[in-house]
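Prediction below, plus the sequence it came from.
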Amino acid sequence: MQNNESATLHRVECAREKLYQMQKKYGLLTHPKVIEQSVALDHLLNQYSTQKTVC
């Protein structure tokens, strides 16, 4: 795994953990802050997927 992929994967895991914590804090998957974090996680997952496809 390339260094860039490793860094992105680490960011994905951090964003996923943050999403879990925010959902616990706000209690709803539809809370605007939870949705915002979900979108950020989706962006990172798309970035990681693109990196895997290019290599």
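Nice, thanks for sending it over.

Can you get me a residue count around the closest residue to Tyr26 other than its chain neighbours?
Nearest residue to Tyr26, sequence neighbours excluded (Cβ to Cβ, 6 or more residues apart in numbering): Val34, at 5.5 Å. No exception for glycine: its C-beta is placed from N, CA and C like everyone else's. Per other Cβ atoms under 10 Å, the neighbour tally for Val34 reads 20.

how about the residue nearest in space to the middle of the chain, what does it touch?
Of all residues in the chain, the one closest to the mean position by Cα atoms, centre = their mean is Leu41, 2.4 Å from it. Going by Cβ atoms under 8 Å, 6 or more residues apart in numbering, Leu41 touches 12, 15-16, 19.

Now with 10 Å, please.
By Cβ atoms under 10 Å, 6 or more residues apart in numbering, the contact set of Leu41 is 11-19.

and the residue nearest to Tyr26, what does it touch?
With Cβ under 10 Å, 6+ apart, Val34 has these contacts: 19-28.

quick one: which helix or strand includes it?
Applying DSSP states H and E as the criterion places Val34 in helix 32-54.

Same question for Asn4.
Going by DSSP H and E, Asn4 is part of helix 3-26.

Let's verify Leu28: helix, strand, or coil?
coil (DSSP: H, G, I helix; E, B strand; the rest coil).
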